[in-house]
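Peer 1: Below is the sequence, then the predicted model.
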Amino acid sequence: MFTRIFYATDLHGSEKCFMKLLRAGEVYKPNVIIVGGDITGKMIIPIIKQSDGYYKVNYLGVDKILKNEEEIKRIEQLIKDGGNYPYLTNEKEIEELTINKGLVESLFLKLMVERVENWLKVAEEKLKNKNIKLFITPGNDDSLEIDTIFEKYNFINVMNPEGKVVEIDGYHEMISTGYSNVTPWKCPRDISEEELEKKIEIMISNVKNVKNAIFNFHCPPYDSGLDTAPKLNENFKPVTGADGFKMIPVGSIAVRKAIEKYQPLLGLHGHIHESRGVRVIGRTLCINPGSEYGEGILRGAIVNLEKDKVKGYMLTSG
């Protein structure tokens, strides 16, 4: 048997990266596409109607005046491609949003859900005749409301494997979680190492053949070289020294413990965008393809599986 996986992660709302992901079937010829978490964006960028009828937007730190619909559409797409959410509004609404944090949170959630919902519908339509399965795991940055979209539409080709054991090809089982150990930002799916270990152990207890399984865990194993990030101070600023940024391991001890204990065939990880690479822990090949979503670059990995082994792999960028 032969199965080809295309794996990518941390798209963070980038429409350009998601559309490239859907074209992976034509480019890389996978049987299965897996997205390892963090699919929603981080920021709303308002496009504000002015008294003269023009619109004003601050894009990449520069104020721009948009004089017609064509200019508005162009900037909206640039904002979407960079992973953020354009929002047409007016001065009065901006005043209300400025003083009411709850309104901002509600709007942000609405925009995130709308984009994910649209993405999943497009993915289902594009993949239904190509015999390609798409597994998308929400990550620690993603609101729990995202999960309800999968349940709402009951897609055939697009699935959320969070917390489940799924067979990706009739032979290799995969367990998945987008939950992470606690980060400085207290994200929606940050949990303690003890809770993460328990979650992982429950999934493993339902795997028939763990030696040929895939551990699709958003958070990379601790101190694996796939989890190296700048150390932050109390103001969330990188700590610097004579050699530049001080880098430290920030992965999960629970994930590392599970890989060392059960030695699955493959570990798929993300979370730390700058730690792109491949490591072998015991017999387990662990991959973090990294992320450059803000640049519209889709980082990924092709993994070829045979019955009881990883036949080969390659990191991709495009």
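Peer 2: Happy to help now that I have it.
Peer 1: Excluding chain neighbours, what is closest to Leu107?
Peer 2: For Leu107, ignoring the flanking residues on the chain, the nearest one in space by Cβ to Cβ, 6 or more residues apart in numbering is Ile44 at 6.6 Å. C-beta here means a position set from N, CA and C on the backbone, and glycine is covered the same way.
Peer 1: Now do the SS call for Pro184.
Peer 2: Secondary structure, DSSP: H, G, I helix; E, B strand; the rest coil: Pro184 is coil.
Peer 1: would you list every one of the strands in the stretch 1-150 of the chain?
Peer 2: 3-8, 32-35, 44-49, 55-59, 62-66, 85-90, 133-136 (DSSP state E, counting those that start in this stretch).
Peer 1: Give me the neighbour count for the residue nearest to Leu107.
Peer 2: The number of residues packed near Ile44 is 17, by other Cβ atoms under 10 Å.
Peer 1: Retrieve the pLDDT associated with it.
Peer 2: Here, the pLDDT recorded for Ile44 equals 97.
Peer 1: and the gap between it and Val122?
Peer 2: Distance, Ile44 to Val122, by Cβ to Cβ, to the nearest Å: 22 Å.
Peer 1: pull the helix or strand with minimum mean pLDDT from the protein.
Peer 2: When each helix and strand of the chain is scored by mean pLDDT, DSSP states H and E, strand 240-241 comes last, with a mean of 87.
Peer 1: pLDDT score assigned to the nearest residue to Glu173 once chain neighbours are set aside?
Peer 2: Excluding the flanking residues, the one nearest Glu173 by Cβ to Cβ, 6+ apart is Ala213, at 4.7 Å. For Ala213, the pLDDT comes out at 98.
Peer 1: same check, this time on Tyr262
Peer 2: Tyr262 carries a pLDDT value of 98.
Peer 1: now Asp227
Peer 2: On the pLDDT scale, Asp227 gets 98.
Peer 1: contacting residues for it?
Peer 2: If you count contacts by Cβ atoms under 8 Å, 6 or more residues apart in numbering, Asp227 has them with 219-221, 249-252, 269, 271-272, 275, 288.
Peer 1: Give me the phi and psi for it.
Peer 2: For Asp227, the backbone dihedrals are phi -130, psi 30 (criterion: degrees, to the nearest 10).
Peer 1: The nearest residue to it once chain neighbours are set aside and Phe150: what is the separation?
Peer 2: Distances taken as Cβ to Cβ, 6+ apart place Gly251 nearest to Asp227, at 2.9 Å, with adjacent residues excluded. Counting by Cβ to Cβ, the gap from Gly251 to Phe150 is 27 Å.
Peer 1: gap between stretch 246-262 and the chain center?
Peer 2: Distance of stretch 246-262 from the chain centroid (Cα atoms, centre = their mean, to the nearest Å) equals 19 Å.
Peer 1: what does that stretch rub up against?
Peer 2: By Cβ under 8 Å, 6+ apart, stretch 246-262 touches 180-181, 183, 193-194, 196-197, 200-201, 204, 210-211, 213, 215, 217, 219-224, 226-231, 238-240, 267, 269, 271-272, 281-282, 284, 286.
Peer 1: Perfect, I'm done here.
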